[in-house]
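Peer 1: sequence and predicted structure below; questions after.
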Amino acid sequence: MDKFFSNVSKYIIFVPIVITVLALIFKFGQTSKTIGQMVNKITPTPTTASKKINIDLNGPYQCLYKDNEGEYAVYIKNKQVLANVKTKSDTDKYFFDGDCLYADGVKKMCNLSPYLSLFEGAVGNNRALLNNLVGPYIKTGVDVEEILKTCKKEDFKDSVFD
């Protein structure tokens, strides 16, 4: 019986040492990539920054856009915004007076003046946010950015807002 335990104890000590040595051989036997080899695989890809649209609500701006679906006329001056949307079947008029938003002459929302700086930032920086803000008020398939590209900084008569 002593001979049995003697052999087992030898294997219990010997086997983990062999496993550890083999693991170290496999671990350090692998070829590691040098930094130079890794850098060669990195290739730069050019990105084009989209043109920033800079429109402040002090204006004056005129934006006139026309496509197959309709005509869009936007007038911006002194934090007042008028948007006329003409389609084949309907004409909608949206007016923002600096604090309240009106749709076809009916007051929709007020107390919006604290959000003006957010909106101005959205126009210039985050096009997805701008599309989400304005998108529900225009027909599908119309890109707000395309409308904004037509904006020209030129004065117009204040009677447009009447």
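Peer 2: Thanks, I have the structure now.
Peer 1: ok, which stretches of this structure are helices?
Peer 2: 2-29, 35-41, 116-124, 127-134, 144-149 (DSSP state H).
Peer 1: the second one - what's its average pLDDT?
Peer 2: When the per-residue pLDDT values of helix 35-41 are averaged, the result is 61.
Peer 1: repeat that for the fourth one.
Peer 2: Here the mean pLDDT over helix 127-134 is 67, rounded to a whole number.
Peer 1: what of the shortest one?
Peer 2: Helix 144-149 shows a mean pLDDT of 76 in the predicted model.
Peer 1: tell me the helices and strands packed up against that helix.
Peer 2: strand 61-66, helix 127-134 (3 or more C-beta pairs under 8 Å, 6 or more residues apart in numbering; DSSP states H and E). Quick note: C-beta positions are derived from backbone N, CA and C, even for glycine.
Peer 1: which ones are touching residue 73?
Peer 2: By C-beta atoms under 8 Å, 6 or more residues apart in numbering, the contact set of residue 73 is 62-65, 82-84, 86.
Peer 1: low-confidence ranges, the chain, go.
Peer 2: Low-confidence segments of the chain, defined by pLDDT under 70: 1, 30-42, 48-55, 121-131, 133-142.
Peer 1: domain ranges for it?
Peer 2: Listed domain ranges for the chain are 2-32, 61-155 (source: automatic domain parsing).
Peer 1: as CSV, those domains with distance to residue 44 would be great.
Peer 2: As requested, the domains of the chain are exported to CSV (distance: least, C-beta to C-beta, whole Å):
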stretch, distance to residue 44
domain 2-32, 25
domain 61-155, 25
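Peer 1: looking at these, which is buried most?
Peer 2: Stretch with highest mean neighbour count among the domains of the chain: domain 61-155 (a mean of 15; mean count of other C-beta atoms under 10 Å).
Peer 1: and that one, how far out from the chain middle?
Peer 2: How far domain 61-155 lies from its chain's middle: 19 Å, per C-alpha atoms, centre = their mean, to the nearest Å.
Peer 1: ends of that domain, how far apart?
Peer 2: This stretch, domain 61-155, spans 7 Å end to end (C-alpha to C-alpha, to the nearest Å).
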